[in-house]
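Engineer: Just a sequence and a predicted model for now, questions to come.
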Amino acid sequence: MHLALPVLAAALTLVPSEANTSTHQPVQQDATAEQDGARAERLAAVRAELAELAAQVAERRGRELTAPVPVELLDPEPFRAALRTQLVELHPQGHFEHMRDAYRSFGILPPEFDGDLLDALLDGLVGNVFGLYSPTRGTILVPDEFDHPLYRLNGGDALRREILAHEVQHALQDRAVGLTDFCGRALPSHDARLARGALMEGDAVATAMDWMLSLGGSSLAEFPPGLEKRVTDQIELSTTLSSIDTGALADPAFLAFSYGTGAGLVHDLVLAGGWERVDAAFADPPASTEQVLHRTKYLDERDWPTAIDLELPPVLELAGWSVLASDTLGELTLRELFASALDDETVVRASFGWDGDRYLLLGRGDERALIWSSVWDSASDARAAHSALAQVLGLEADAYWHDDRPASTRRDAGVTWSGRDGKRVALAVGLNVEGDEDTRLEASRFAVDHALAAPLVHDERDTKKGRGDGRVTRQLEDEALAAIEAGRIVVDGRTVFVRDLDLSLTLPTEQWQVEPKTPMAAVRLVLVRGTPSINFNVSLAPGDGLDRRAVMDVTLEFLESTFQDIEVEVAETVDDPRGPAFRLRYSASVQGTRANFHQLGFARGEDYVVLSCTEFSGTDDPAIELEFDALLDSVTFGAEPGSVDSSDEPVPQRTDEDG
């Protein structure tokens, strides 16, 4: 499909438009015959163009075109019917009705929305879908007449050929892997279908781009980074123009993910290993939208999603509730949920540490309820997600339970309750039971406790996580807390002393907190300012006896190989009163978000103590730069606790249930 959601794997039942053959209307008969003749001429021209173009696309992808790719021209209504059938066939039975009910409970859809979700999606898609490939028929379907503003702006011929190249690649994909199985209803979740759809659509976008570049003697491998933004901008323009023309709205975020983020992923694959690397990805596709959004979690060390074995509690079954559907939101959909009420930076931070989730949509007659269980990479990530969830759903801390588990009563959905325990976050919505308020609260609290305790099932290919108990991550965080408890990290007022580095520093304000979390063995101390999106850490880097210039050069090489779009502002050696040092200031894209970095490295024997400040874009707080400078300036070596002036007020320290 060209410019739409990833819905290619489907069976189509098409009803061609019928000409009026009444013998009582000879004038209309003549007009119909003339129209049919004109359509036949248009179809013949498209078929001839497609035959030439398909051969070129197949050659560039190293594929053999063993048979022609058929094409059909459809009027608007049959084309919409084809698209609807394709969506239905792709998803499990009842998917869109269940999604509507679940998304209303989450707050992704307004509670008053009770229409046909599939029709609403079609209204937004039809005006932005320029082509469709049917795997069951092996045929490309295109509207007989385009009336999209983008089509008129760009000229018909060039855009039509791009559409055909895009759909030809879908035909080649289908012949290679079978698209119906690749992204169909047998997959474990909607999130998994979105992830595979991004690879599939991104490949078609990238292939069409490569074919167009070849006409000028170039290729996608020579195209500079930025394909994702180019495609995303085009999608935003397309959906905006379509909404102006028709009034129908398509969600640009999901379209941008499927086509823009997907194209960015495929471009990275091409740059890493050519089209052979792209073909290999279809044999080992991304397993979650997280792996597509954060490509290092797919291309480097895989971050496999954790499955959650969430079942209906027997007590709710006895109360008449049954499971209507079970599915996974995933990071992309959580971003959409959080974006309804939060700023971009908070959305990215709140969804970034996603590791897995599962929800149950429950039914009892006409009633609907929902239980959701999730797991996050760390307790800090879970805290950020839980805070965002509470803000989006309008939950407030309730003394009835734990202050970190907000609860509220909503007139439209009964009791809504959320809870957090370590790296787990859970939610219960709409569990109406007979009885007083305390009885209803107990039912929701029980459901949340049940969801928080649901067993975790780690992918057997995942070597980073423990087997079901999160023991690897827990061990790291235990070590960080133990460092404080054992006195290796000492907090005295606003002074923090790292004993094994013989280093002291002073926190500039009360907003700064000691974070009991060790991301890697080299990091000795992590401080955060309000949220982990602004942090300061102290690490030990092996210098192997190299001078500071050599260490700085090695650091720069590492940064350039690790980050995307890195821009170095300062890279210099400095004669600091505390010893030989080097200073780096740079910005880079980290997991799709722009961040600014400040680093100062001091030689300590043959190693280097590196002070790093990180600020993700969007904070817009002028005090941060001053506080970073104050932190760097406050660092001293050889100062025992108490030897540096500090405030009498204690430094707020995070307690971590997960540790």
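Structural biologist: Alright, I've got the coordinates.
Engineer: you'd agree Glu615 is in a strand?
Structural biologist: Yes: counting by DSSP: H, G, I helix; E, B strand; the rest coil, Glu615 is part of a strand.
Engineer: The closest residue to it other than its chain neighbours sits in which helix or strand?
Structural biologist: Setting aside the residues directly before and after it, Glu615 is nearest to Asn596 in space (Cβ to Cβ, 6 or more residues apart in numbering), at 4.7 Å. C-beta here means a position set from N, CA and C on the backbone, and glycine is covered the same way. Under DSSP states H and E, the secondary-structure element containing Asn596 is strand 593-604.
Engineer: Quick check: which helices or strands does that strand pack against?
Structural biologist: helix 548-562, strand 579-590, strand 607-616, helix 623-634 (3 or more Cβ pairs under 8 Å, 6 or more residues apart in numbering; DSSP states H and E).
Engineer: residue contacts, Asn596?
Structural biologist: 585-587, 614-617 (Cβ atoms under 8 Å, 6 or more residues apart in numbering).
Engineer: Beta-bridge partners for it, please?
Structural biologist: Beta bridges link Asn596 to Ser587, Glu615 when assigned by DSSP bridges.
Engineer: Longest helix in this protein, please.
Structural biologist: helix 26-60 (DSSP state H).
Engineer: quick one: buried residues of that one?
Structural biologist: Going by neighbour count (16 or more other Cβ atoms under 10 Å), the buried part of helix 26-60 is 32, 46, 50, 53-54, 57-58, 60.
Engineer: go on, stretch 608-625?
Structural biologist: 608-617, 619.
Engineer: And that stretch, end to end?
Structural biologist: The first and last residues of stretch 608-625 sit 24 Å apart, counting by Cα to Cα, to the nearest Å.
Engineer: Could you give the average pLDDT over it?
Structural biologist: Throughout stretch 608-625, pLDDT has a mean value of 77.
Engineer: Would you map out the domains in the protein?
Structural biologist: The chain breaks down into these structural domains: 26-299, 307-457, 471-637 (assignment by automatic domain parsing).
Engineer: can you pull out the helices in the stretch 301-450 of the chain?
Structural biologist: Ranges of helices in the stretch 301-450 of the chain, per DSSP state H, counting those that start in this stretch, are 314-318, 330-339, 344-352, 379-393, 437-452.
Engineer: Out of those, the one nearest Ala120 is which?
Structural biologist: Nearest to Ala120, of all the helices of the stretch 301-450 of the chain, is helix 330-339, at 14.9 Å by Cβ to Cβ.
Engineer: what sits up against the closest one?
Structural biologist: By Cβ under 8 Å, 6+ apart, helix 330-339 touches 106-108, 189-191, 194-195, 251, 253-254, 257, 288-290, 292-293, 305, 329, 346-348, 350-352, 354, 357, 385, 388-389, 392.
Engineer: helix or strand for Pro92, which one?
Structural biologist: Using DSSP H and E, no helix or strand contains Pro92.
Engineer: residue ranges for the strands of the stretch 201-350 of the chain, please.
Structural biologist: Remark: strands assigned in the stretch 201-350 of the chain by DSSP state E, counting those that start in this stretch are 307-308, 322-327.
Engineer: Tabulate those strands (CSV), appending mean neighbour count and mean pLDDT.
Structural biologist: As requested, those are exported to CSV (neighbours: other Cβ atoms under 10 Å; pLDDT from 0 to 100):
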stretch, mean neighbour count, mean pLDDT
strand 307-308, 20, 96
strand 322-327, 17, 97
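Engineer: so which of the ones you listed comes closest to Ile534?
Structural biologist: strand 307-308 (31.0 Å).
Engineer: Could you measure from the closest residue to Arg196 other than its chain neighbours over to Val46?
Structural biologist: Among residues not flanking Arg196 along the chain, Cys183 sits closest, at 4.2 Å (Cβ to Cβ, 6+ apart). Remark: distance between Cys183 and Val46 (Cβ to Cβ, to the nearest Å) = 27 Å.
Engineer: got it, and Asp381?
Structural biologist: For Asp381, the distance to Val46 - Cβ to Cβ - is 51 Å.
Engineer: Kindly report the same for Val315.
Structural biologist: In terms of Cβ to Cβ, Val315 sits 61 Å off from Val46.
Engineer: again with Ala195
Structural biologist: From Ala195 over to Val46 (counting by Cβ to Cβ), the distance is 33 Å.
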